[in-house]
Structures are given as C-alpha cells and as structure tokens.
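Engineer: how does the following fold in three dimensions:
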Amino acid sequence: MSNTTPTLTGETPPPAPPAAEDRSVQARAARRKAKVRGGTRTVLFHGVTWALGIVMLYPGVWMLLSSFRPTNQIIGEVGLIPRETTLDNFTRAFEGIGGVSFWTFFSNSMILAVGSVVGVCLSCSVAAYAFARIEFPGRKLYFGLMIGTLLLPFHVVIIPQFIMFNELGWTDSYIPLLIGKFLAAEAFFVFLMVQFMRGVPRELDESARIDGAGHGRIYWFIMLPLMRPVLATASIFAFIWSWNDFLAPLIYLRSPDKYPLPLMLRQFSDQTSISDYGAQMAAAVLALAPVIIFFMLFQRYIVDGVATSGLKG
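Structural biologist: Alright, predicted model coming up:
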C-alpha cells in the first residue's frame with residue numbers, strides 16, 4: 001500500500017525526502033570523486049616538479065660528470081655517463097694556469113668573499129640601526145633615496161667608478177671590490193636589516209637607556225645578538241655574490257696572481273689557442289664546492305631571516 005494519504009483538499013502530498021541510506025551513499029560517492037581529483041592533481045604537481053627539477057639539475061650533473069671526461073670528449077657530448085674517465089683534469093686544474101696555482105686563485109676568492117661578509121655585516125647593521133632606531137632630520141628621505149639606489153643598474157656607474165678609483169690609484173687592488181661593502185653601499189642588506197629591527201620591541205632600548213646605555217651599547221649588546229638570523233642571511237648572500245662575481249674583478253684587476261676563481265675559469269677557454277675544457281670543468285666543480293657547503297650549513301637561516309624581516313614592521 002502507498003504511504004501517502006490524500007489531504008482534506010484531495011491533493012496528493014509530495015513524495016518523502018530520500019532516505020538516510022541514499023544520502024550516505026551519495027556522500028561517499030562525492031568523497032571518492034574528490035579523492036580521485038585530489039590524487040590526480042597531486043600526481044600532476046609532483047610530475048611537473050620532478051620535470052622542472054631534472055631540467056634545472058641536469059647542467060650541474062653534466063658538469064660534474066664531464067670533469068672526469070677526457071677533454072676531446074666534452075665538446076658535443078650531451079649524455080651524462082662518460083665513455084672514459086680520467087683524473088688528469090683535476091691534476092691540471094690544481095696546477096692552475098699562467099704560472100699561478102689553483103690555491104692562489106682560491107685564496108683570492110676567499111679574501112674577497114670573507115671581506116664582503118665582514119663589511120656587509122658591520123656597516124649595513126650600523127646603518128640599519130640608525131634608520132630603524134635613531135630619530136634624525138631627513139631620515140625618511142635618506143631611507144627612500146637609499147632604497148632608490150636598488151633601481152640603479154650597476155652598469156650605469158661602472159665608468160664613473162672606474163675613473164674615480166683609477167685617479168685614486170686603487171685599480172689592480174681589492175679596495176674597489178671591498179670598499180663599498182664597508183661603507184654600507186649595499187642597499188638590499190640595509191633594507192633587510194631595517195625591516196628586522198623594526199620588529200624588535202623598543203622597550204628593550206628604553207630599558208637599556210634607563211640603565212645608562214647609549215646607542216653604541218644598545219647596538220652592540222642588544223641588537224646584534226638579536227640579529228643573528230638576518231646577519232646569517234646577509235652573510236650567505238654576500239658570500240655567494242662575491243664568490244661568483246666576474247665583472248667587477250675583470251674591470252679592476254690586471255695582475256693574474258690577484259684574480260679570483262671566476263677569472264681563472266675564463267682563462268681555460270681561449271679563442272686564440274687550445275682550450276682545456278676538461279680542466280675548466282674540474283676547476284668549476286672545485287670552485288662550486290665551497291658555495292654548496294656554505295649554503296647547506298646555513299640554508300635554514302635564509303628562510304628564517306627573510307621571513308622574519310618581511311613580516312616585521
């Protein structure tokens with residue numbers, strides 16, 4: 001028998017809603033479809049990520065394996081696995097070029113990289129403290145002008161800087177390569193540290209002033225210990241940028257015994273004579289090793305420092 005009964009008006013009421021079992025079946029089917037769609041997106045995302053990762057890592061892996069190939073098998077070879085292996089490339093790379101050993105080039109790069117790190121951390125932190133903590137006339141204007149220098153291409157100031165350093169007799173020395181680091185000329189690092197300091201509570205400064213501390217003691221004993229994440233981030237960037245810098249040493253240095261590693265790598269490839277690509281690949285691997293080690297040791301500070309600096313203030 002039908003469960004519906006006529007109403008007083010004689011009309012048949014609408015059918016009853018679906019049963020609870022039907023609703024649960026539909027819900028399970030919807031969840032299965034959503035799970036399938038989510039699984040498809042996950043597979044697609046990981047597939048694209050792996051493909052991009054292989055494209056990005058392939059040149060580095062090819063360089064590493066090519067450092068063990070004979071020189072006559074490097075040009076024109078795009079495969080990863082070498083047909084023959086040899087260690088002569090590393091022997092020639094350690095011997096250096098032009099009578100200058102590999103370790104001389106390595107020491108020159110290390111001097112420039114460490115000097116850049118020390119200069120950036122000291123000068124940029126002092127300038128950032130002034131912008132973030134000291135009230136002085138024109139502070140916002142000067143800070144805006146400093147940020148504006150980020151928009152100025154390096155190539156615009158190459159000739160004026162070279163003329164100035166040449167008149168001062170500083171060419172063929174490391175002074176033009178390091179003096180800007182010790183004068184807080186790196187606006188990016190100053191901005192990074194200012195953003196970090198703006199997130200430090202000013203109550204710490206006020207408590208120190210009550211105890212009789214001036215700006216010097218507040219900077220050295222309070223701000224610097226708190227700035228370790230952003231200082232580590234600045235150190236990593238300064239080290240890598242200086243280590244890989246090719247143009248500035250090429251402009252200011254003339255003596256081969258003062259060349260850093262990027263200029264050494266260029267010497268192995270000569271258009272007017274025989275190029276030693278095997279030694280060049282081996283030297284490139286040796287030059288890349290310190291950067292990778294340095295980055296792996298301090299990579300977590302990059303995320304911590306940049307994230308903290310970007311969210312403060």
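Engineer: name the residues that touch stretch 175-189?
Structural biologist: Taking contacts as Cβ atoms under 8 Å, 6 or more residues apart in numbering, the residues outside stretch 175-189 that touch it are 112, 115-116, 118-120, 122-124, 126-127, 146-147, 149-150, 161, 165, 170, 190, 234, 237-238, 242, 245, 248-249, 252. Heads up, the C-betas are built off the backbone N, CA and C, glycines and all.
Engineer: what about that stretch, how long is it end to end?
Structural biologist: This stretch, stretch 175-189, spans 20 Å end to end (Cα to Cα, to the nearest Å).
Engineer: and what of stretch 152-166?
Structural biologist: From its first residue to its last, stretch 152-166 covers 22 Å (Cα to Cα).
Engineer: buried residues, that stretch. List them.
Structural biologist: Neighbour counts over stretch 152-166 (16 or more other Cβ atoms under 10 Å) mark Gln161, Phe165 as buried.
Engineer: how far is it from where the chain is centred?
Structural biologist: Between the centre of stretch 152-166 and the centre of its chain there are 25 Å (Cα atoms, centre = their mean, to the nearest Å).
Engineer: what does that stretch contact?
Structural biologist: Outside of stretch 152-166, the residues within contact range by Cβ under 8 Å, 6+ apart are Thr171, Ile175, Pro176, Leu247, Ile251, Tyr252.
Engineer: if you set the cut-off to 10 Å instead, what comes out?
Structural biologist: Under the contact criterion Cβ atoms under 10 Å, 6 or more residues apart in numbering, stretch 152-166 has outside partners 149, 170-173, 175-177, 179-180, 187, 247-248, 251-252.
Engineer: gap between Ile111 and Pro249?
Structural biologist: Distance, Ile111 to Pro249, by Cβ to Cβ, to the nearest Å: 11 Å.
Engineer: now the common contact residues for the two.
Structural biologist: Between them, Ile111 and Pro249 share the neighbouring residues Tyr174, Leu177, Ser242, Lys258, Pro260, with contact defined by Cβ under 10 Å, 6+ apart.
Engineer: quick check: next helix or strand after the strand or helix carrying the third one?
Structural biologist: The one in question is Ser242. In this structure, Ser242 is located in helix 228-244 according to DSSP states H and E. Tracing the chain past helix 228-244, the next element assigned as helix or strand by DSSP H and E is helix 247-252.
Engineer: packing partners of whichever helix or strand comes after that following helix?
Structural biologist: Per DSSP H and E, helix 247-252 leads on to helix 261-267 as the next helix or strand towards the C-terminus. With contacts defined as 3 or more Cβ pairs under 10 Å, 6 or more residues apart in numbering; DSSP states H and E, the secondary structure elements packing on helix 261-267 are helix 102-119, helix 228-244, helix 247-252, helix 277-311.
Engineer: any idea which of these is most buried?
Structural biologist: Among the helices and strands packed on helix 261-267, judged by mean count of other Cβ atoms under 10 Å, the one packed with the most neighbours on average is helix 228-244 (a mean of 21).
Engineer: what's it packed up against?
Structural biologist: Based on contacts counted as 3+ Cβ pairs under 10 Å, 6+ apart, the elements that helix 228-244 packs against are helix 102-119, helix 125-133, helix 175-182, helix 187-197, helix 261-267, helix 277-311.
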